[in-house]
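J.: mind folding the following:
(one chain, ligands or ions: 1)
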Amino acid sequence: MFSGLFLPPFFAVLSTEQQGMLVELPNILFMLVIVLSHFFKQGRSGFAALLMLVAYNVIQQRLQTPLAVGSTLFEYYFLVLLLPANLVLLLFLPERALFSFKALSYHAIFIVQIAVFYWFIQPEQLPLVSNLLTAIEPWILVSGDVSVLPNILLGLLICAVLIAAILMLFREVSSDQAFLSALLASTLTVVEFEQQWISASMFTISAIVLLFSILKRSHEQAFIDELTRIPGRRALNIELAQLSGKYSIAMLDIDRFKKFNDTYGHDIGDSVLKMVASQLATVKGRGRVFRYGGEEFTILFKGKSALDCIGYLNDIRLLVADYPFQIRQPVERREPQEAGAKNTDSCQVEFIEKTVKVTISIGVAQRRSSTTSPDEVIIAADKLLYKAKESGRNQVCA
Ligand SMILES: Nc1nc2c(ncn2[C@@H]2O[C@H](COP(=O)(O)OP(=O)(O)OP(=O)(O)O)[C@@H](O)[C@H]2O)c(=O)[nH]1
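T.: Reported below is the predicted structural model:
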């Protein structure tokens with residue numbers, strides 16, 4: 001329906017040896033994903049790769065004959081039902097390292113399905129399989145010219161894809177995109193099952209997406225600060241190690257943040273950090289923002305003097321200071337007691353909304369000479385930050 005137009009001509013120009021390599025490619029890529037998922041502690045992607053690897057091999061080893069032969073049709077239905085069902089199930093299960101004790105229940109679910117499949121495909125089960133197919137015949141209205149896929153299974157596949165797409169939109173789990181791609185690849189494969197090369201090409205694409213997803217998430221884990229979603233200290237250190245020529249570094253600190261935490265609680269303090277990071281990320285002048293640690297941030301301006309940066313830094317300082325940060329705070333309200341009544345401690349908790357102002361202080365220093373190291377520039381910027389605090393906060397010192 002979709003791919004038949006371009007896949008066979010593309011594969012036809014390849015030599016038999018190259019075609020053989022392309023058929024093996026999903027196996028290699030999925031195994032790579034499994035190994036990486038173990039080292040990068042991304043079990044969910046590892047399980048998805050394991051499922052896809054087994055499904056691909058079932059297709060290659062068992063389903064390359066016409067679907068009407070022997071138990072092939074039954075095996076095809078088995079695959080169409082269980083592959084998306086397992087992928088969707090994984091979307092809801094918590095992350096577990098693939099080769100860990102905690103993941104044993106996942107492996108058990110998987111092994112039971114393989115055992116059931118293996119039992120059904122034994123030659124002596126053929127009469128039972130034929131009877132089963134006859135029994136479910138009224139349910140599986142074949143959609144004729146679209147594919148050999150019964151409408152009911154096609155509907156389930158579409159539901160699985162929709163669930164993955166909705167989850168991807170509404171929660172921030174980076175592996176969801178890879179699951180959606182695996183579900184789309186499985187759907188296209190089973191819908192276009194009679195197309196030559198469909199499984200090799202779709203499963204290769206899905207394996208590549210899974211691989212990229214693992215690498216992207218590992219990169220994020222290493223370099224992106226989990227709370228503020230901006231690059232963290234490790235990313236800054238790598239940038240600093242590669243610096244040369246003219247540059248300036250700004251050190252920024254939220255004013256009286258300890259008091260803020262003590263008054264409104266650590267969770268609201270975290271929201272302030274997120275808000276400040278999102279405002280800082282809009283800095284002009286090609287400044288790159290990092291979370292230095294705690295409530296301190298760093299902005300690196302390559303090719304700029306401290307004087308060049310003052311305007312950009314004042315802009316973000318004002319942006320933060322003008323941001324109406326909303327707080328929903330619980331307050332206890334004591335019920336007034338009637339005269340002579342017994343002293344019972346009755347109080348109600350109410351929530352009040354209020355807007356608070358957050359300010360930041362900034363110190364910015366530039367590289368003075370070719371012998372000045374980035375650490376020395378940071379120390380100089382820190383001293384200027386201290387000066388900004390001493391001079392009343394909410395200001396830039398250069
Ligand atoms: N909520 C939250 N608080 C943090 C985090 N990291 C550091 N802090 C808090 O940030 C506060 C820093 O306080 P101080 O270094 O004393 O400085 P300050 O209160 O901002 O005062 P000045 O810098 O002098 O304006 C401490 O109370 C830390 O607990 C975090 O990730 N989340």
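J.: can you pull the residues of the stretch 101-250 of the chain lying near the ligand?
T.: Leu227 (Cβ under 6 Å from any ligand atom). (Glycine included, C-beta is placed from N, CA and C.)
J.: where does the stretch 101-250 of the chain have low pLDDT?
T.: Scanning the stretch 101-250 of the chain for pLDDT under 70 picks out the ranges 138-148.
J.: now the strands for it?
T.: For the stretch 101-250 of the chain, the strands defined by DSSP state E, counting those that start in this stretch occupy 247-254.
J.: show the backbone phi and psi for the residue in the stretch 251-398 of the chain that the ligand sits nearest to.
T.: Distance from the ligand to each residue of the stretch 251-398 of the chain (Cβ to the nearest ligand atom) is smallest for Gly269, at 2.6 Å. Note on Gly269: backbone dihedrals following degrees, to the nearest 10 are phi -60, psi -40.
J.: Leu385 now?
T.: Backbone torsions for Leu385, taken as degrees, to the nearest 10, come to phi -60, psi -40.
J.: assign the closest residue to it other than its chain neighbours to helix, strand or coil.
T.: Using Cβ to Cβ, 6 or more residues apart in numbering and skipping residues adjacent in sequence, the residue nearest Leu385 is Gly363, 3.2 Å away. At Gly363 the chain is in strand, as set by DSSP: H, G, I helix; E, B strand; the rest coil.
J.: isn't Gly363 up against Ala388?
T.: Yes - between Gly363 and Ala388 there is a contact under Cβ atoms under 8 Å: 5.6 Å.
J.: touching both of the two, which residues are there?
T.: Common contacts of Gly363 and Ala388, defined by Cβ atoms under 8 Å, 6 or more residues apart in numbering, comprise 396-397.
J.: hmm, back to that, and the residue nearest to Leu385, what does it touch?
T.: For Gly363, the contacting residues are 250-251, 380-388, 396-398, by Cβ under 8 Å, 6+ apart.
J.: ok, what's across the strand from it?
T.: Met251, Cys397 (DSSP bridges).
J.: and the biggest helix by length in the chain, what does it pack against?
T.: The longest helix of the chain (DSSP state H) is helix 198-223. Helix 198-223 sits against helix 16-39, helix 43-62, helix 175-191, helix 233-241, with contacts defined as 3 or more Cβ pairs under 8 Å, 6 or more residues apart in numbering; DSSP states H and E.
J.: look up phi and psi at the residue most central in space within the chain.
T.: For the chain, Ser174 is the residue whose C-alpha lies nearest the centre (Cα atoms, centre = their mean; 1.0 Å). The phi/psi pair for Ser174 (degrees, to the nearest 10) reads phi -70, psi -30.
J.: burial count for the spatially closest residue to it that is not a sequence neighbour?
T.: Nearest non-adjacent residue to Ser174, counting by Cβ to Cβ, 6+ apart: Arg217, 4.9 Å away. Other residues within reach of Arg217, judged by other Cβ atoms under 10 Å, total 20.
J.: do you know how far Arg217 is from Leu273?
T.: With distances taken as Cβ to Cβ, to the nearest Å, Arg217 is found 22 Å from Leu273.
J.: the closest residue in space to Phe74 that isn't next to it in sequence: what's it in contact with?
T.: Leaving aside its sequence neighbours, Phe74 sits nearest to Val129 (Cβ to Cβ, 6+ apart; 4.7 Å). Residues in contact with Val129 (Cβ under 8 Å, 6+ apart) are 71, 74, 120.
J.: among those residues, which ones are in helices?
T.: 74, 120.
J.: out of the contacts of Val129, which is nearest to the ligand?
T.: Distances from the ligand to the contacts of Val129, taken as Cβ to the nearest ligand atom, are shortest for Phe120 (54.4 Å).
J.: these two touch, right, Arg256 and Gly392?
T.: No - between Arg256 and Gly392 there is no contact under Cβ under 8 Å: 11.7 Å.
J.: tally of neighbours for the residue in the stretch 101-250 of the chain that the ligand sits nearest to?
T.: Nearest residue of the stretch 101-250 of the chain to the ligand: Leu227, at 5.9 Å (Cβ to the nearest ligand atom). For Leu227, the neighbour count with other Cβ under 10 Å is 13.
J.: skipping adjacent residues, who's closest to Leu32 in space?
T.: Leu211 (6.4 Å).
J.: pull up the pairing partners for the strand or helix carrying Phe290, direction included.
T.: Here Phe290 sits within strand 288-293, counting by DSSP states H and E. Strand 288-293 sits in its sheet next to strand 296-302 (antiparallel), going by DSSP bridges.
J.: angle of the partner strand against helix 233-241?
T.: In terms of direction (axes from the mean of the first three to the mean of the last three Cα atoms, to 10 degrees), strand 296-302 departs from helix 233-241 by 30 degrees.
J.: report whether strand 296-302 contacts the ligand.
T.: No - residues of strand 296-302 contacting the ligand under Cβ under 6 Å from any ligand atom: none, with a closest distance of 8.4 Å.
J.: okay, the contacts of Val129 in a markdown table with neighbour count next?
T.: Compiled in a markdown table, the contacts of Val129 are given as follows (neighbours: other Cβ atoms under 10 Å):
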| residue | neighbour count |
| --- | --- |
| Ser71 | 20 |
| Phe74 | 21 |
| Phe120 | 16 |
